[in-house]
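J.: return a 3D structure for these sequence lines:
(one chain, ligands or ions: 1)
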Amino acid sequence: MAGTEKSRRGRKPAAEDERKDKVIQTRVPRDLESSLKEAAERERVPVSQLIRNVLEDSFDLVESVVADSSQLVENVTRDARRIAESAAGARKDDEPFVPADQGGEQARTLMEAVDAWQDVIVNKPGHCVQCGAAVKRGSRAFRGLTTDPGMPVVWLCGDCIEAL
Ligand SMILES: [Zn+2]
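T.: Take a look at the predicted model:
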């Protein structure tokens, strides 16, 4: 009984909006990635936030200009469709993930976005963002906690957590 009471008083469930957010991963050419990073730095926002803004703006624009100009709508719709298509067609295996240890810039960016590391037992296997070691199901590893809903899952292995 006391346990039930305790869990009721425990952490509040995530906000409705937060739980609805979905993670979309995509691969981009290297030069587009550096453009995105530069733009994100200029705007002082994380890259994922910048991409979210661009996507939201594109689709907002598609909706808002319908009355103004059908040509513009066509162009913007085409651009938005291209973004959606390239996201959908993104292949996971065309470029292997490079861990931060080996100079992987994406890995470093992911690590920088992590607010805290939580000690957990793995269910869905992955790889350590720092050294690339396999993080296996049933093993103990550290999952990156972030306030950024666009972030993919980030793992750190036991060796790398000690080296932090
Ligand atoms: Zn590691």
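
J.: so where does Ile161 fall, helix or strand?
T.: Per DSSP states H and E: Ile161 is located in helix 158-162.

J.: again, but for Ala80
T.: Per DSSP H and E, Ala80 falls inside helix 70-88.

J.: pull up the residues of the protein that are close to the ion.
T.: 128, 130-131, 133, 157, 160 (CB under 5 Å from the ion). Yep, even glycine has a C-beta here, placed from its N, CA and C like the rest.

J.: what's the closest of those to Glu43?
T.: Glu43 has its nearest neighbour among the residues of the chain next to the ion in Gln130, at 27.3 Å by CB to CB.

J.: what's the closest non-adjacent residue to the closest one?
T.: Ranked by CB to CB, 6 or more residues apart in numbering and with sequence neighbours excluded, the top spatial neighbour of Gln130 is Cys160, at 3.9 Å.

J.: with Val153 instead?
T.: Gly126 (6.2 Å).

J.: so where do the helices sit in the protein?
T.: 2-9, 16-20, 30-43, 47-64, 70-88, 105-112, 158-162 (DSSP state H).

J.: re earlier: okay, the residue nearest to Val153: pLDDT?
T.: Among the per-residue scores, Gly126 shows a pLDDT of 94.
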